[in-house]
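>>> Turn this into a model:
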Amino acid sequence: MAQYGTKHGHAIGKLMAMQNNSDVELVGVFEPDIKRRKELETDLDALNWFDEPDQMLADPTILAVASEGSNAESLDQTEAIVEANKHVWYDKPAGDNWLQWKRVVDLAESKELLIQMGYMLRYHSAFRQVTEWAKSGFLGHVFSVRAHMSTALPAEARRRIQAHQGGIFYDLGGHMLDQVLWLLGYPGKVTAFLRNDSDLVPDFADNSLVVLEFDQAMAIIDIAATEPQPMARRFEVYGDQGSAIITEPFEPGNHIRLCLSEAKNGYSAGEQSVTIEGEGRQRLYELELEAFLATIAGEQAPDRPRSHELLVQETLLRATSALV
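Now for the predicted structure:
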């Protein structure tokens, strides 16, 4: 494997995951920004740095590439990786150009290449447990999902994200959309409130609320850039027979508040706390990579089908008004 770009917020963690996986030989990194490369070379001096992208893309022994450029450059980089006949471990979100993203996904499918998006909470044990409860009918008919994933961003980070329509929701919303849409499917209506409620960076959407309407359910996702640490990140699923809340913070997410209308599956009626082992961020990157490798090796189907990867990005762009 190799890595294309280093400016994504997850880039260093993904590098570490590849370095620590015994099934991966990390042969090098290409960073097009010379200044950025020089900054990293001091701390990452053991890495092999490519001088040109073709040193990586034209090498037939490199089977897969982690796409870790900034959100402004990563879609073009991912397209180049797919054109070079390599699988892609692609960090979120999938750019701003919907038609280009569809083209890249279609090209990957025609070449039988995997594009696995970097939504790490797919591999979080608490989220997986709540998903299993919801999709199996254990909670009854799921009529409501509420997700809160705020952060605290300095002005410099806000200015970088400002290049994308939707501000903080563009940057983080995909994580929650990935979960909600996996549970509820295609939203017939998407209504977004993208506000600037601080004066730190004018015109940057730093306080967002998105409402998704489905046939028999609604979901609410709120994300702000101004919440003091530690952030009270929560994920809540409500069904007519029970509810499950991953209590804050959901990383590492060691507890789920489960409430049932009647006893079932070894759980009692009423409220109870279910203890989950939980995972820290770096472990989630490692689990992502393990799934990516297993899929490439033919040992498992993709954890999310192509249609879902398209749906998450389509809904993100609908929410940020980049796609009408």
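>>> for the stretch 201-324 of the chain, what spans make up the strands?
Here the stretch 201-324 of the chain has its strands, by DSSP state E, counting those that start in this stretch, at 207-213, 218-224, 234-239, 242-246, 255-260, 270-275.
>>> by how many degrees do the first one and strand 218-224 diverge?
Following axes from the mean of the first three to the mean of the last three C-alpha atoms, to 10 degrees, one obtains 170 degrees for the angle between strand 207-213 and strand 218-224.
>>> One more: the shortest one?
Taking the same axes, to 10 degrees, one finds strand 242-246 and strand 218-224 inclined to each other by 20 degrees.
>>> So for Ile81, which of the strands of the stretch 201-324 of the chain sits nearest?
strand 218-224 (28.8 Å; C-beta to C-beta). In this view, the C-beta of every residue, glycine as well, is placed from N, C-alpha and C.
>>> that older thread, possible to save the strands of the stretch 201-324 of the chain as CSV with distance to Ser67?
Shown next, in CSV, are the strands of the stretch 201-324 of the chain (distance: least, C-beta to C-beta, whole Å):
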stretch, distance to Ser67
strand 207-213, 25
strand 218-224, 23
strand 234-239, 26
strand 242-246, 28
strand 255-260, 33
strand 270-275, 36
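>>> For those strands, could you give me TSV that also reports distance to Ala163 and mean neighbour count?
Converted to TSV, the strands of the stretch 201-324 of the chain look like this (distance: least, C-beta to C-beta, whole Å; neighbours: other C-beta atoms under 10 Å):
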stretch	distance to Ala163	mean neighbour count
strand 207-213	16	21
strand 218-224	18	22
strand 234-239	28	22
strand 242-246	31	22
strand 255-260	37	19
strand 270-275	41	12
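>>> Tabulate the ones you listed (a markdown table), appending distance to Arg37 and mean pLDDT.
Converted to a markdown table, those look like this (distance: least, C-beta to C-beta, whole Å; pLDDT from 0 to 100):
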| stretch | distance to Arg37 | mean pLDDT |
| --- | --- | --- |
| strand 207-213 | 33 | 98 |
| strand 218-224 | 32 | 98 |
| strand 234-239 | 37 | 97 |
| strand 242-246 | 38 | 97 |
| strand 255-260 | 42 | 97 |
| strand 270-275 | 44 | 97 |
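>>> quick one: the helices in the stretch 1-150 of the chain?
Here the stretch 1-150 of the chain has its helices, by DSSP state H, counting those that start in this stretch, at 11-20, 34-43, 54-57, 74-83, 98-110, 125-136.
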